[in-house]
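1. Sharing a model prediction with you, sequence too.
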Amino acid sequence: MDAITTALREQHEELDALLAGLDDAGWARPVPDCPGWSVADVVLHLAQTDELVVSAADGGFAAAAERVVPGAVGETVDDTVGRMVAHQRGAPGPAVHARWRAAASTLREVLAASDPRRPMPWVVTDLPARTMATTRLSECWIHTHDVAVALGVALVPGDRLRHVARLAVRTVPYAFARAGLPAPGPVAARLTAPDGSTWHLGDDDAPTVVTGSAADFCLVAARRLDPAAAEVRATGPGADDVLRLVRTYA
């Protein structure tokens, strides 16, 4: 749990550094990978969902979302988070920044104090606290990337992406289930880390294996990079579908 909460703190710090000192024009910049959202909207979304992790412990995700914005729960998760942002947008950028900082700090405190196996209610099921921490790391990393693109800043990938890549590999069955397809069986990844080393994720004898750039694999799983344009490939049963469907979020 210490490793993942440390990585989460580091990811929060990377986003915080991007946001520090933004002027009104910066907060209003459109985010290409989140159509209709500004930088302020993305940060508001992170604040809202960090708050939901904590409040969902009492009554579950849907009830917590309803407490934030009555009528927010839609047919899909995207519907729900879109309604929440639309309902609460409009605060000045610095106020949104302060709200997210407070939410992120509380989230880290709750996760750090949790047993890694503690069940925490989330979108479709309870998640162990360690998995919840990893999903929040992934979510923040994805949106840090989004904000960086909007601001024209190039980020340097780091070792904490290992947690994101591991989450993507472990949730392949979930990704296939969402698509209404049978899972292909065990999937492993042999990825080139940012420092040039190799990350071995998943079972050594898995019939389906993803290889290539760890950073690109994470961007593919984040739905921020087309697999055809990524430095990744997959071999084995369901290989093309693995790259098409892999994801790190609900």
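-> That came in fine, so what should we check first? Numbers count the residues shown, from 1 in each chain.
2. Pull the number of nearby residues for residue 126.
-> Applying other C-beta atoms under 10 Å, we find 15 other residues in the vicinity of residue 126. Quick note: C-beta positions are derived from backbone N, CA and C, even for glycine.
3. need the contact list for it.
-> Counting by C-beta atoms under 8 Å, 6 or more residues apart in numbering, residue 126 touches 119-120.
4. can you check residue 240 too?
-> Contacts of residue 240 by C-beta under 8 Å, 6+ apart are residue 234.
5. quick one: the helices in the protein?
-> 2-19, 24-27, 39-55, 61-68, 77-88, 93-112, 129-151, 161-170, 172-178, 214-221, 239-245 (DSSP state H).
6. Taking the chain centroid, which residue in this structure is the extreme one?
-> The outermost residue of the chain, judged against the average C-alpha position, is residue 205 (28.0 Å), by C-alpha atoms, centre = their mean.
7. What residue spans form the domains of the protein?
-> Here the domain parsing of the chain from automatic domain parsing is 2-151, 161-245.
8. Quick check: phi and psi at the residue farthest from the centre of the chain.
-> phi -100, psi 20 (degrees, to the nearest 10).
9. what do you get for residue 160?
-> Note on residue 160: backbone dihedrals following degrees, to the nearest 10 are phi -70, psi -10.
10. what's the distance between it and residue 11?
-> The spacing between residue 160 and residue 11, counted by C-beta to C-beta, to the nearest Å, is 6 Å.
11. Repeat that for residue 105.
-> 13 Å.
12. Pick out whichever of these two has more residues nearby.
-> residue 11 (24 against 13).
13. List the contacts of the nearest residue to that one once chain neighbours are set aside.
-> Distances taken as C-beta to C-beta, 6 or more residues apart in numbering place residue 140 nearest to residue 11, at 4.7 Å, with adjacent residues excluded. Residue 140 sits next to 8, 11-12, 15, 46, 104 when contact means C-beta under 8 Å, 6+ apart.
14. give me that answer again for 7 Å
-> By C-beta atoms under 7 Å, 6 or more residues apart in numbering, the residues touching residue 140 are 11-12, 15, 46.
15. re earlier: let's see the pLDDT reported for the residue farthest from the centre of the chain.
-> Predicted confidence (pLDDT) at residue 205: the value is 94.
16. how near is the residue nearest to the spatial centre of the chain to residue 239?
-> Centroid-nearest residue in the chain: residue 139, 2.0 Å away (criterion: C-alpha atoms, centre = their mean). Computed as C-beta to C-beta, the residue 139 to residue 239 distance reads 27 Å.
17. Next: residue 172.
-> Counting by C-beta to C-beta - residue 172 and residue 239 are separated by 11 Å.
18. Also residue 138?
-> According to C-beta to C-beta, residue 138 and residue 239 sit 23 Å apart.
19. With neighbour numbers in mind, choose between the two.
-> Applying other C-beta under 10 Å to residue 138 and residue 239 shows that residue 138 carries more neighbours, namely 26 against 17.
20. Give me the spatial nearest neighbour of the more buried one, chain neighbours excluded.
-> Once flanking residues are discounted, residue 138 sits nearest to residue 248: 4.2 Å by C-beta to C-beta, 6+ apart.
21. show me the contacts for that neighbour.
-> Counting by C-beta under 7 Å, 6+ apart, residue 248 has contacts 138, 164, 167-168, 171, 221-222.
22. ok, which pair from those residues is furthest apart?
-> Greatest spatial distance in the contacts of residue 248: 171 and 222, 12.5 Å, computed using C-beta to C-beta.
23. Now tell me what touches the lowest-mean-pLDDT helix or strand in the chain from outside.
-> Using mean pLDDT, DSSP states H and E, helix 61-68 stands out as the lowest-scoring helix or strand of the chain, at a mean of 83. Identification of contacts with helix 61-68 by C-beta under 7 Å, 6+ apart yields 48, 52, 55-56, 72-73, 80, 84, 121-123.
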